[in-house]
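**Student:** could you look at this predicted model? Sequence included:
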Amino acid sequence: MKKQISRALLMLSVLGLIFALTTPQAFAQSPYELKAQVNTNDITTDETVTLTLTLTTPDGNAPRLNMPALDGWNILGSQTASQYSIVNGKATASMAYAYELQPTRTGDLEIPTLRLEMNGQPVTTDPITVHVTQGNGTPRQPSTRGTSPFGSSPFGSSLFGSILGNDPFNDPFFSDPFGNDLLSGRANLQLNAAADKTSVYVGEPVEYTVRMESDAMLLGEPEYKAPKFTGFWAHQPPVTRQGPGVTEITTLLFPTKGGELTIDPATISSAGGFFSDAIEKQTEPVTIEVKPLPDGAPGEFSGAVGQFEITATPDKTETRVGEPIVMRVEIRGAGNLDTLPDPQWVNDPNWRAFDAKAETNSQAQNGNLAGTRTYERTLIPTKEGTLTVPVTRYAYFDPADEQYHVIETEPVTIRVAPGDPSVAQNVIDPPSGASNPTADSAAGSSVTPLKPAGAELTTAAKPLVEQPLFLALFLVPLGIIALDIGLGLRKRYLDSNMGELRAGRALKNARRSLRRAAQSKNVSLAVSNTVLHYLEDKTNRSLLGVSHSAIAQLLAQQGVSDGMIHNVMLLLLAGETSEFGSPAQAAPAKLIADAELVLKELEGEWQA
């Protein structure tokens, strides 16, 4: 009997020791916590219930969660709120996810246990049962019974306040796409890719959509890797739509060549969630048949595909010979405006044209790019009278009716007053009385002849070391060293201040060039080049090929007045007009004097 009691005590001791060793590990509390609660457990089919998930983390970092579809419930919308606290140097974060749920049937509906894995540690919620009775068909306000995880409601008095505006989750597109897979344990991620068209013309838009459906609550945002759209021009960025358990990513494509084009698979990867492990999936390739554009294109056609209209508007309808106008040509419509070819401009001997780069403003809309492409052309009339700006014609192919169309601008009439094509006389005249200084004659002076020198006694020469020549020769090496140092310092100074020195000498160099311009065969062109070189010296940059509008903007940035900018532009246009049109009619001396006066006043405004 005593042996049996001893054995029993020994067994109890061993079991107690094992229990003591395993209990701390078995009952160790996880630093992560996930709670679920509802604001009421008793509603009708006319009411909604708010489900709040509260996730607490020890590292101050609470991730975003995606709610899976729930059997017997429609998810109408969601909001989030966060709370951070630091106690004794330890940070904790609590993130509340609130979902407004509407019952789809009566009875005791269950919100099942939800499971999430955080850094390898699982956290779960308790199941919740809500009793639903049949309503009378009159919607009532959601019940406000219950408490928020942070005391008062973190979402305000209404679940859908001014933060959300229109509820994006009321779209039938997002209504319970998963059936009852959530509770059956067959949670997965479905990935599909499709195009809205399978046969298109070159340049016709195609919407390529990747749709991801998940019946598990995913941790964080899925990572999307777009395919290589070989043979297509892709509009960026893609458009993303999201709802409970559903994400769609749509890219607008424009095929650039004909034939059978295949879009490579897209890849989606996601971390594990409530009911799934980490997932990486690819879509199936998508094939599109691209038809070449039909024959019979008009001569104005350069490859535009879509639906367009064109307008032309001048900045003014009256001007003078040699004074420019700006013609705003705008192409508006739907198509790939970002790669739209330029119109074929018409040359007219009555106008000199300077083209500018196009500005494009477009946005994805209804499966296409819609917007405008704008050109601002500078036109200079070469003769007086009532002149018509050449009509601009533009051709495009419309995939809707499979026809080529030619559109054109309305005729624009400009009244041009007489003026000097050289534009020299439009420059302000110099003040009266100005004249070039003349040198005064020098006064005569008498010269007294030298007296013949008498005989003088001489002394013996000084020793070499006492002669000044010896001292000079001794100082030569020191002088060479000093000169080398000085030249090096000067070179450094010039290298670091070249732009400043060049700007300081601009007016002096310009006056020297204007004096040489008097002997030039084309004085107007020489004056125009001198003005351009002056501006290059002042700005320390090359202006070769820079448009007049850009030069005018550069002068305005330096604080030059509008009137002075106008005079400078006239001097530049004088040379161009004489080069491509008739030679200058103004006297060369007057043109040079005008230019020197303008540059002098410009120097003053620039320094001011």
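**Tutor:** Cool, the structure landed. Numbering: from 1, shown residues only.
**Student:** average pLDDT for stretch 248-257?
**Tutor:** Taken as a whole, stretch 248-257 carries a mean pLDDT of 93.
**Student:** now stretch 372-391
**Tutor:** 93.
**Student:** that one: end-to-end distance?
**Tutor:** Length of stretch 372-391, first residue to last, C-alpha to C-alpha, to the nearest Å: 19 Å.
**Student:** buried ones in that stretch?
**Tutor:** If you call a residue buried by 16 or more other C-beta atoms under 10 Å, then stretch 372-391 has these buried ones: 372-382, 387, 389-390. C-betas here are computed from N, CA, C, even on glycine.
**Student:** now stretch 310-325
**Tutor:** For stretch 310-325, by 16+ other C-beta under 10 Å, it's 310, 312, 314, 319, 321, 322, 323, 324, 325.
**Student:** what's the pLDDT at the second one?
**Tutor:** Put plainly, it is residue 312. Value listed for residue 312 in the pLDDT field: 94.
**Student:** and what of the fifth one?
**Tutor:** If you check residue 321, the pLDDT there is 92.
**Student:** how close does it get to residue 549?
**Tutor:** Distance check for residue 321 against residue 549: by C-beta to C-beta, to the nearest Å, it reads 20 Å.
**Student:** show me what stretch 263-273 is in contact with.
**Tutor:** When contacts are defined by C-beta atoms under 8 Å, 6 or more residues apart in numbering, stretch 263-273 is touched by residues 66, 68, 116-117, 189, 191, 193, 195, 208, 210, 212, 214, 216-220, 222-230, 232, 249, 253, 278-288.
**Student:** likewise for stretch 358-377?
**Tutor:** In contact with stretch 358-377 (C-beta under 8 Å, 6+ apart) are residues 196, 205, 207, 235, 239, 252, 306, 326-338, 340, 342-343, 345, 353-356, 549.
**Student:** could you list which residues are in contact with residue 199?
**Tutor:** Here residue 199 is in contact with 288, 289, 290, 291 (C-beta under 8 Å, 6+ apart).
**Student:** can you tell me the element the second one falls in?
**Tutor:** What it means is residue 289. Using DSSP states H and E, residue 289 sits within strand 286-291.
**Student:** show me what the next helix or strand after that strand is packed against.
**Tutor:** Note on strand 286-291: by DSSP H and E, the next helix or strand toward the C-terminus is strand 301-314. The contact analysis (3 or more C-beta pairs under 8 Å, 6 or more residues apart in numbering; DSSP states H and E) places strand 301-314 against strand 325-335, strand 393-398, strand 403-408, strand 412-417.
**Student:** okay if I get those as CSV plus distance to residue 33?
**Tutor:** As requested, these are arranged in CSV below (distance: least, C-beta to C-beta, whole Å):
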stretch, distance to residue 33
strand 325-335, 53
strand 393-398, 61
strand 403-408, 66
strand 412-417, 74
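**Student:** return the most buried member of those.
**Tutor:** strand 393-398 (a mean of 22; mean count of other C-beta atoms under 10 Å).
**Student:** what's next to that strand, contact-wise?
**Tutor:** For strand 393-398, contacts defined as C-beta under 8 Å, 6+ apart pick out 201, 203, 293-294, 297-302, 304-308, 310, 331, 335, 343-344, 403-408.
**Student:** hang on, the earlier thing: out of the buried residues of stretch 372-391, what pair is the most spread apart?
**Tutor:** 372 and 382 (30.6 Å; C-beta to C-beta).
**Student:** which parts of this structure are helices?
**Tutor:** 2-26, 181-184, 468-496, 498-504, 506-517, 523-539, 548-557, 562-580, 588-607 (DSSP state H).
**Student:** residue boundaries of the strands in the stretch 1-150 of the chain?
**Tutor:** 33-38, 42-44, 49-57, 73-87, 90-103, 107-111, 115-118, 121-124, 128-133 (DSSP state E, counting those that start in this stretch).
**Student:** figure out which of those is closest to residue 522.
**Tutor:** Of the strands of the stretch 1-150 of the chain, nearest to residue 522 by C-beta to C-beta is strand 73-87, at 74.8 Å.
**Student:** what's the mean pLDDT across the closest one?
**Tutor:** Here the average pLDDT along strand 73-87 is 69.
**Student:** ditto for stretch 112-127
**Tutor:** Mean pLDDT, computed over stretch 112-127, is 82.
**Student:** same check on stretch 516-526?
**Tutor:** 83.
**Student:** and that stretch, which residues are buried?
**Tutor:** Neighbour-count burial for stretch 516-526, counted by 16+ other C-beta under 10 Å, picks out 517, 520, 522, 523, 524, 525, 526.
**Student:** returning to what we had before: tell me what the strand holding residue 289 is packed against?
**Tutor:** By 3+ C-beta pairs under 8 Å, 6+ apart, strand 286-291 packs against strand 189-195, strand 199-201, strand 259-263.
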